[in-house]
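# Sequence below, structure please.
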Amino acid sequence: MSDTTVAQKDRLMADLRVAAADAEALLKLTANDVTESTAGLRERLQDRLNQAKHNLLTLQASATEKAKAAGHVADDYVHDHPWRSVAVGAGVGLLVGLLIGRR
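Predicted coordinates for the structure are as follows:
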């Protein structure tokens with residue numbers, strides 16, 4: 001996954017957390033309003049908020065598992081092919097060095 005995608009996902013997660021906190025604050029503020037329409041709205045909002053929290057936790061757990069699996073695959077590859085890994089690392093370092101040196 002590219003750094004841009006990771007940054008976008010992190011920003012989305014942060015935005016969802018802020019939206020959930022705002023929704024919880026709204027629920028607390030309207031707790032004293034006992035009209036039927038407000039009570040129904042509060043109940044639907046609470047249900048959706050709970051569902052969003054559950055989905056967010058599921059997404060986070062899934063992303064963590066995928067990252068761990070990718071790390072294990074990379075670790076196994078490096079252990080199975082150490083010289084190839086060193087050569088690839090040196091090649092990438094050389095390319096980055098050349099690109100930085102051109103500026």
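
# Just the mean pLDDT for the longest helix along the chain, thanks.
Once the chain is assigned using DSSP state H, the helix that runs over the most residues is helix 36-80. The pLDDT scores in helix 36-80 average 83.

# so the host helix or strand of Gly93 versus helix 36-80, what angle?
Assigned by DSSP states H and E, Gly93 belongs to helix 82-102. Helix 82-102 and helix 36-80 meet at an angle of 110 degrees, taking axes from the mean of the first three to the mean of the last three CA atoms, to 10 degrees as the criterion.

# which outside residues touch helix 82-102?
Contact with helix 82-102 is made by Tyr77, Val78, as judged by CB atoms under 8 Å, 6 or more residues apart in numbering. Every C-beta, even on glycine, is put in place using the N, C-alpha and C of the backbone.

# again, but for stretch 47-63
Contacts of stretch 47-63 (CB under 8 Å, 6+ apart): Lys9, Met13, Leu16, Arg17, Ala20, Ala23, Glu24, Leu27.

# tell me which of those residues is nearest to Lys68?
Nearest to Lys68 among the contacts of stretch 47-63: Lys9, at 16.3 Å, using CB to CB.

# Which element, helix or strand, includes the closest one?
helix 3-29.

# can you give me the angle that helix makes with helix 36-80?
150 degrees.

# Flag every buried residue along helix 3-29.
For helix 3-29, burial by neighbour count (16 or more other CB atoms under 10 Å) applies to Ala23.

# Just give me how far that helix sits from the chain centre.
11 Å (CA atoms, centre = their mean, to the nearest Å).
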